[in-house]
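*Asks:* Here is my input, please return the structure:
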Amino acid sequence: MNIKRTFAIVFFAVALPFFFYSCSKDDDEIVTTPTEEEDDPVTPTESVYTWIESEMRENYYWYSEIPAASSLNYKLGVLDFFDSLLSSKDGKHNDSSDYFYSYIESTSDVSASTKSISQTDYSYGFEFQLYNMVDQNDNPLGYSYAHILYVVPNSPASEAGIKRGMWITYVNGERMTGTNNDYYTLLGSGAMQVTVETFDANKGYTNAQTINLASARAIEDDPVHYHTIITDEKSGKKIGYLVYNHFTDSQTDEDEKYNKELLALSKEFAGVDEFVLDLRYNGGGLITCAQLLSTILAPSSALSQTFCNLTFNNKQSPRTYNLSYAKSLISTGTNLNLSRLYVLVSDRTASASELVINALRPYMGDANVILIGEQTEGKNVGSETFENTTYKWEMHPIVCQIYNSKGESDNYVNGFTPQYEVSEIAHRDKVLDFGNTDEIMLSTAISIINGTYSATKASTRSTTTQLRRGKSSLERKATNGVEVDGIRQTANQ
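*Replies:* Okay, the predicted model is just below:
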């Protein structure tokens, strides 16, 4: 049997197979999805079960909670069998959420993959959040809107003139209804026509226009999405601003293109007085990218000190691995020596994003890592990749818990609470282009910096309809990360 084991510590905002988003906290009950049995793409064999169980009993963080072999059902589909091994501590299981972080997928055919890997690059080039419209009694009204969160340059969406903050209301002349068909169509399909509107605090949804979108195609969603240096007129301070949308090092396994961008940017940002890091749409990714970004931002006193510790189960030796703010990481860049950091967050901010926050706090102080936005997701664990190349299955179980240099991890198991609470949807008329100093989140950060902050009243227009949040395209990005080989071998070097 040809079994390849790839070591990778990857953080996932939603570690579910792609077709199971109907179980997540944001899905509306009118959305239906295929069953797990229907999604099982490969006929299982006894050896597959043996491999899964063996690797899980050796490496799964909560291996002691795997049921005894005599209690397992080896006649289940592979997906169901894998789930039957998982601990209730794995993932989110409460009234509003029910999903595991650990997952398994078939690699026999990309189109059949439970994670739909091809969808992560094949796109119109916009990320969106669906909202189902309900009345004041929370009864569905049968139609939905898609809010544009950001647009990727050089994509069908950018070429057609779609902008951040717009609302898609019709697709090919038909009103969206919040079904799976709407969701998957917006993820990437053929050429289509969409109707977009903007939101005005006084008029509501207005300025409808029809836009023709070319067919979805492969795009490059660079995680270093936007950056600038703002000179604040009131304080005279130079403020660095970076929108970083996922922790990915490169398009390929070799070039580290995006890490090199971060290093180059560090030189551009050198000398700024304050820094605003926008992680509101960042659901996680590679721990090595989080380590690099944090090393750029950290106080110089943190260099060579502990970034984080990874603690595996008690079968592993050594059990704990240390990652540091290594000077060697920024040999072609620079350390900004920040004493304070403003971080824009939302409930989509998760895992590697939360690690950056948690890892910097011991060196900056909790009060100086200033969060603006909404409660973050709360994921303090890491996943490793195990691949069976004979039967073409790849699993990503949780294998470790992540601690900062003070030994803190459970402090954000339910997410971080921002010091300044700001909701984009409550100020939807101020969801403007990144870098616009009137944009609700950035303007809040600037006003805190220059001492003019006062809580902003919600700008939503009073109507008989309300929004219930549904699926988001950001969910698919959470399971798309470049894997890093040899993390255990190199972590303590």
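*Asks:* Could you check how far residue 281 is from residue 341?
*Replies:* From residue 281 across to residue 341, the span is 18 Å (C-beta to C-beta, to the nearest Å). Where C-beta positions appear, they are placed from N, C-alpha and C, glycine not excepted.
*Asks:* Check residue 102 too.
*Replies:* On the measure of C-beta to C-beta, residue 102 and residue 341 end up 31 Å apart.
*Asks:* cool, residue 475 as well?
*Replies:* Counting by C-beta to C-beta, the separation of residue 475 from residue 341 is 27 Å.
*Asks:* Neighbour count: the two, which is higher?
*Replies:* Remark: of residue 475 and residue 341, residue 341 carries more neighbours, 24 against 19, as counted by other C-beta atoms under 10 Å.
*Asks:* Quick one: residues contacting that one.
*Replies:* With contact taken as C-beta atoms under 8 Å, 6 or more residues apart in numbering, residue 341 is in contact with 275, 277, 297, 360, 364, 368, 369, 370.
*Asks:* Apply 6 Å and report the result again.
*Replies:* Residue 341 makes contact with 275, 369 under the criterion C-beta atoms under 6 Å, 6 or more residues apart in numbering.
*Asks:* Repeat that for residue 57.
*Replies:* Listed by C-beta under 6 Å, 6+ apart, the contact set of residue 57 reads 63, 66.
*Asks:* Could you check how far it is from residue 51?
*Replies:* Residue 57 sits 11 Å away from residue 51 when distances are taken as C-beta to C-beta.
*Asks:* repeat for residue 250
*Replies:* Distance from residue 250 to residue 51, counting by C-beta to C-beta: 29 Å.
*Asks:* Between those two, tell me which one has more neighbours.
*Replies:* Shown here are residue 250 and residue 51; by other C-beta under 10 Å, residue 51 has more neighbours (19 against 16).
*Asks:* Show me what counts as buried in whichever strand or helix holds that one.
*Replies:* For residue 51, the host element (DSSP states H and E) is helix 46-59. For helix 46-59, a neighbour-count test (16 or more other C-beta atoms under 10 Å) marks 48, 49, 51, 52, 53, 55, 56, 59 as buried.
*Asks:* Give the rounded mean pLDDT of the host helix or strand of residue 258.
*Replies:* Taking DSSP H and E as the definition, one finds residue 258 inside helix 257-269. Per-region confidence: helix 257-269 scores 97 on mean pLDDT.
*Asks:* Report all helices and strands that the next helix or strand along the chain from it contacts.
*Replies:* Under the assignment DSSP H and E, the closest C-terminal helix or strand after helix 257-269 is strand 274-278. Packing partners of strand 274-278 (3 or more C-beta pairs under 6 Å, 6 or more residues apart in numbering; DSSP states H and E): strand 238-244, strand 341-345.
*Asks:* switch to 10 Å and redo it
*Replies:* Here strand 274-278 touches strand 224-231, strand 238-244, helix 287-297, strand 341-345, helix 352-364, strand 369-373, helix 440-450, going by 3 or more C-beta pairs under 10 Å, 6 or more residues apart in numbering; DSSP states H and E.
*Asks:* Make JSON lines out of the ones you listed and add mean pLDDT and distance to residue 307.
*Replies:* Compiled in JSON lines, the helices and strands packed on strand 274-278 are given as follows (pLDDT from 0 to 100; distance: least, C-beta to C-beta, whole Å):
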{"stretch": "strand 224-231", "mean pLDDT": "98", "distance to residue 307": "20"}
{"stretch": "strand 238-244", "mean pLDDT": "98", "distance to residue 307": "17"}
{"stretch": "helix 287-297", "mean pLDDT": "96", "distance to residue 307": "5"}
{"stretch": "strand 341-345", "mean pLDDT": "98", "distance to residue 307": "15"}
{"stretch": "helix 352-364", "mean pLDDT": "96", "distance to residue 307": "5"}
{"stretch": "strand 369-373", "mean pLDDT": "98", "distance to residue 307": "14"}
{"stretch": "helix 440-450", "mean pLDDT": "97", "distance to residue 307": "25"}
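*Asks:* Starting from residue 280, give me the distance back to the closest residue to residue 430 other than its chain neighbours.
*Replies:* Nearest non-adjacent residue to residue 430, counting by C-beta to C-beta, 6 or more residues apart in numbering: residue 440, 3.9 Å away. Distance from residue 440 to residue 280, counting by C-beta to C-beta: 11 Å.
*Asks:* where do the contact lists of these two overlap?
*Replies:* 344, 372, 373, 422, 424 (C-beta atoms under 10 Å, 6 or more residues apart in numbering).
*Asks:* Now do the same contact list for residue 408.
*Replies:* 358, 359, 361, 362, 366, 380, 402 are the contacts of residue 408 under C-beta under 10 Å, 6+ apart.
*Asks:* which of the residues you listed are buried?
*Replies:* If we count by 16+ other C-beta under 10 Å, these have these buried: 358, 359, 361, 362, 380, 402.
*Asks:* Tell me how far the residue nearest to the first one when sequence neighbours are not counted lies from residue 156.
*Replies:* Leaving aside its sequence neighbours, residue 358 sits nearest to residue 404 (C-beta to C-beta, 6+ apart; 4.8 Å). As defined by C-beta to C-beta, residue 404 lies at a distance of 41 Å from residue 156.
*Asks:* Likewise for residue 396?
*Replies:* 31 Å.
*Asks:* How about residue 107?
*Replies:* 28 Å.
*Asks:* likewise residue 143?
*Replies:* Distance, residue 143 to residue 156, by C-beta to C-beta: 24 Å.
*Asks:* repeat for residue 235
*Replies:* To residue 156, residue 235 is 40 Å away according to C-beta to C-beta.
*Asks:* quick one on the thing from earlier: please say which of residue 107 and residue 156 ends up with more neighbours.
*Replies:* The neighbour comparison of residue 107 against residue 156 (other C-beta under 10 Å) goes to residue 156, with 23 against 18.
*Asks:* residues touching the residue nearest to the more buried one when sequence neighbours are not counted, list them.
*Replies:* The shortest distance from residue 156 to any non-neighbouring residue, by C-beta to C-beta, 6+ apart, is to residue 214 (4.3 Å). Contacts for residue 214 (C-beta under 10 Å, 6+ apart) come out as 124, 125, 155, 156, 157, 159, 160, 190, 191, 192.
*Asks:* In PyMOL, select just the buried ones from the residues you listed.
*Replies:* The command below creates a PyMOL selection of those among these that count as buried (16+ other C-beta under 10 Å):
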select buried, resi 124+125+155+156+157+160+192
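*Asks:* Helices - which of the contacts of residue 214 land there?
*Replies:* Members of the contacts of residue 214 lying in helices (criterion: DSSP state H): 156, 157, 159, 160.
*Asks:* Tell me which two in those residues are the farthest apart.
*Replies:* 157 and 159 (7.3 Å; C-beta to C-beta).
*Asks:* what is in contact with the two at once?
*Replies:* 124, 125, 151, 213, 214.
*Asks:* Dump these into a markdown table; add pLDDT and distance to residue 77 as well.
*Replies:* What follows is the shared contacts of residue 157 and residue 159, written out as a markdown table (pLDDT from 0 to 100; distance: C-beta to C-beta, whole Å):
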| residue | pLDDT | distance to residue 77 |
| --- | --- | --- |
| 124 | 96 | 33 |
| 125 | 96 | 35 |
| 151 | 97 | 38 |
| 213 | 97 | 37 |
| 214 | 97 | 38 |
